[in-house]
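# Quick one: sequence plus predicted model below, questions after.
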Amino acid sequence: MLYSDRKIIEMRLPLNEKVLKGLKAGDEVLLSGVLFTARDQAHQRLAALLRKKVSLPFDLKGQVIYYCGPTRTPPGKAIGSCGPTTSSRMDSLTAPLLRAGVIGMIGKGRRSEEVRKLIRKHKAAYFLATGGTGAFLSKRVISAKAVFLKELGPEAVYRLVVKDFPVIVGIDSRGEDVFDR
Amino acid sequence: MERRKNNTMKRLTEKIISATIARLCVEANTCFRKDMKEALVRAINSESNPRAKSILKELLENAALAKSEKIALCQDTGLPVVFAEIGCDVDVRGLDLNRAINKGVEEGYRRGYLRESIVSDPLDRRKGSKFSPCIIHFDFGLHKGLRLTVLPKGFGCENKTQLKMFVPNTPIVEIKDFIVSAVKAAGPDACPPYVVGVGIGGSADYASLLSKKALLRHIGKRSAQALVAGIEKELLADINKLDIGPMGLGGKTTAFGVNILTYPTHIAGLPVVVNISCHVLRSAGAVLR
Ligand code: SF4
């Protein structure tokens, strides 16, 4: 399954199990709605809070996490350059977020076997955004607001509203991986 | 000392050095390198895998947008690596070049709305990140003026760096295998298509420096040494057979180029370092006279 000849699928965020069931690894999807960014430091903090069973300032249920640390926002723009970062760095901290209700992740590159199994278990999905196209992707973001860990700058959690944000299904809810070829 | 003709020496100021570095930081991060763009256009024309082709077109569109909107090509605006080559006719006595360069980096990164990607303490990362300090390599040469080059290095690809200390008479085919396997290990993770910088010889640290400097050479130009140029060509062909392709989703464009720099080494060793760059290979340079 290298190249999907299926049509580009448009999806509203947040996602749910039912809509994810219809996706296959390799499918091209345009996402519209709300995403939350979180990368290395945010994952550390979120995982620690979840471990302590402290309630989070935003609900992770049904949410999609985007592995992204944007540049500063130029005046007059919704956001700066905002492409994906390498997902595998988040592998070891993915389990608690999925348990807390996260249903999708967007990043670049491969995931561990453990994450692939977790995705299958939680009937979630992992999406790929094109790495190194932060300028291009910034045009698909309507608004961005730091909502948590603001002091971390690019590593804060931003709530993004996106329109037609282009991704490819990397691992589908059955655990099929686009890189297994 | 007595023979120095002070009146022919060019006196530089910290201010002009900072201002130049600032400008180069913005330029490198927002204007796609010309040789990279040419390689990208060539790849779009020769790629037959439809998904690979469409991703490559996205990269081109990204470069156009970055330029017209004056926005960073990639959100990872890198760890700025600065090369400062002091020529024989410049007078930098009394200048704090480290301070001038770092000040320029901060200025440029702030003005260009780039990203604070530097953590002050590598072992305690809770305090957030900053624009500096950058990495500076000073050198002296017989050229005229102060040559400044800024290479903002993204870390998705920097993390894929590999070093191996080979024994002296290792067959070249084994060295080539090592380089190809480093690209294979990077796989889809570090934003392919790649540019592969290789340093061969010197010491472990010097081979690392060469591998980074190799990324500054025009990617369409081959090494001046015939043997090395041949290896570069063969490696590029081998790497493009890996079918990693743009974003790792397949295709014949896994790398745009392989640049090798060599240096004399010790009779007992043969250091080789592979420093991979993603498709957002950025650099900009200027000479202050
Ligand atoms: S590897 Fe390069 S293109 Fe990819 S995110 Fe890092 S800097 Fe950007």
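All right, it came through fine. Residues are numbered from 1 along each chain as shown, chains lettered A, B, ... in the order given.
# Stretch B:43-60: how far from the chain's middle?
23 Å (C-alpha atoms, centre = their mean, to the nearest Å).
# tell me the mean pLDDT for that stretch?
Per-region confidence: stretch B:43-60 scores 97 on mean pLDDT.
# Where does pLDDT dip in chain A?
Applying pLDDT under 70 to chain A picks out residues A:1-6.
# helices and strands around the strand ranked longest in chain A, which ones?
Secondary structure assigned by DSSP state E gives strand A:157-171 as the longest strand of chain A. For strand A:157-171, the packing partners by 3 or more C-beta pairs under 8 Å, 6 or more residues apart in numbering or on different chains; DSSP states H and E come out as strand A:28-37, helix A:113-122, strand A:125-128, strand A:141-148. C-betas here are computed from N, CA, C, even on glycine.
# so how far is residue A:44 from whatever residue of chain A ends up closest to the ligand?
Per C-beta to the nearest ligand atom, residue A:132 is where chain A lies closest to the ligand, at 2.8 Å. Noted for residue A:132: a distance of 25 Å to residue A:44, by C-beta to C-beta, to the nearest Å.
# Look at those two and report which has more neighbours.
More crowded of residue A:132 and residue A:44, by other C-beta atoms under 10 Å in any protein chain shown: residue A:132, with 32 against 16.
# who touches the residue of chain A found nearest chain B in this structure?
Per C-beta to the nearest C-beta, residue A:109 is where chain A lies closest to chain B, at 3.3 Å. By C-beta atoms under 8 Å, 6 or more residues apart in numbering or on different chains, residue A:109 lies in contact with A:86, A:87, A:88, A:128, A:131, B:156, B:187, B:188, B:189, B:190, B:248.
# On the three-state scheme, the third one is what?
Read that as residue A:88. Following DSSP: H, G, I helix; E, B strand; the rest coil, the label given to residue A:88 is helix.
# for the chain, what's the longest helix?
Went with chain A since none was named. If you go by DSSP state H, chain A has its longest helix at helix A:40-51.
# nope, chain B
helix B:50-69.
# Need the CA coordinates for it. PDB is fine.
Output in PDB follows, covering the C-alpha atoms of helix B:50-69 (Å, rounded to 0.1, in the frame of the first residue of the first chain):
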ATOM      1  CA  PRO B  50       3.100  10.500  -8.300                       C
ATOM      2  CA  ARG B  51       3.100  11.000  -4.500                       C
ATOM      3  CA  ALA B  52       6.800  11.800  -4.500                       C
ATOM      4  CA  LYS B  53       6.200  14.300  -7.300                       C
ATOM      5  CA  SER B  54       3.400  16.100  -5.500                       C
ATOM      6  CA  ILE B  55       5.400  16.300  -2.200                       C
ATOM      7  CA  LEU B  56       8.300  17.800  -4.200                       C
ATOM      8  CA  LYS B  57       6.000  20.400  -5.600                       C
ATOM      9  CA  GLU B  58       4.800  21.200  -2.100                       C
ATOM     10  CA  LEU B  59       8.400  21.900  -1.200                       C
ATOM     11  CA  LEU B  60       8.800  24.300  -4.100                       C
ATOM     12  CA  GLU B  61       5.600  26.100  -3.100                       C
ATOM     13  CA  ASN B  62       6.800  26.300   0.400                       C
ATOM     14  CA  ALA B  63      10.000  28.000  -0.800                       C
ATOM     15  CA  ALA B  64       8.000  30.500  -2.800                       C
ATOM     16  CA  LEU B  65       5.700  31.300   0.100                       C
ATOM     17  CA  ALA B  66       8.600  31.700   2.500                       C
ATOM     18  CA  LYS B  67      10.200  34.200   0.200                       C
ATOM     19  CA  SER B  68       7.000  36.200  -0.700                       C
ATOM     20  CA  GLU B  69       5.700  36.200   2.900                       C
END
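# got a list of what the residue in the stretch 101-250 of chain B that chain A sits nearest to touches?
Ranked by C-beta to the nearest C-beta, the top residue of the stretch 101-250 of chain B for proximity to chain A is residue B:189, at 3.3 Å. Contact analysis of residue B:189 by C-beta under 8 Å, 6+ apart lists A:86, A:88, A:108, A:109, A:110, B:156, B:160, B:248.
# Correct me if wrong: the third one contacts residue A:89.
No. Counting by C-beta atoms under 8 Å, no contact exists between residue A:108 and residue A:89, whose distance comes to 10.8 Å.
# For these two, work out which one has more neighbours and name it.
Neighbours per residue (other C-beta under 10 Å) separate residue A:108 from residue A:89, with residue A:108 holding more: 27 against 17.
# At which residues are the helices of chain B located?
Under DSSP H, chain B gives helices at B:14-30, B:34-46, B:50-69, B:97-111, B:155-158, B:172-186, B:204-213, B:226-239.
# re the thing from before, okay if I get the helices and strands packed on strand A:157-171 as CSV plus mean neighbour count?
Compiled in CSV, the helices and strands packed on strand A:157-171 are given as follows (neighbours: other C-beta atoms under 10 Å in any protein chain shown):
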stretch, mean neighbour count
strand A:28-37, 19
helix A:113-122, 18
strand A:125-128, 26
strand A:141-148, 16
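# how about those in JSON lines, adding distance to chain B?
Shown next, in JSON lines, are the helices and strands packed on strand A:157-171 (distance: least, C-beta to the nearest C-beta, whole Å):
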{"stretch": "strand A:28-37", "distance to chain B": "9"}
{"stretch": "helix A:113-122", "distance to chain B": "14"}
{"stretch": "strand A:125-128", "distance to chain B": "7"}
{"stretch": "strand A:141-148", "distance to chain B": "11"}
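# Any idea which residue is closest to the centre of chain B?
residue B:215 (4.1 Å; C-alpha atoms, centre = their mean).
# okay, it: pLDDT?
So, for residue B:215, pLDDT stands at 98.
# so it sits right up against residue B:276, yeah?
No. Between residue B:215 and residue B:276 there is no contact under C-beta under 8 Å: 9.1 Å.
# Now do the shared contacts for these two.
Counting by C-beta under 8 Å, 6+ apart, the residues touching both residue B:215 and residue B:276 are B:195, B:197.
# Within range of the ligand, give me the residues from chain B.
B:74, B:76, B:154, B:156, B:157, B:190, B:191, B:278, B:280 (C-beta under 6 Å from any ligand atom).
# What residues does chain A have near the ligand?
Going by C-beta under 6 Å from any ligand atom, the residues of chain A near the ligand are A:83, A:131, A:132.
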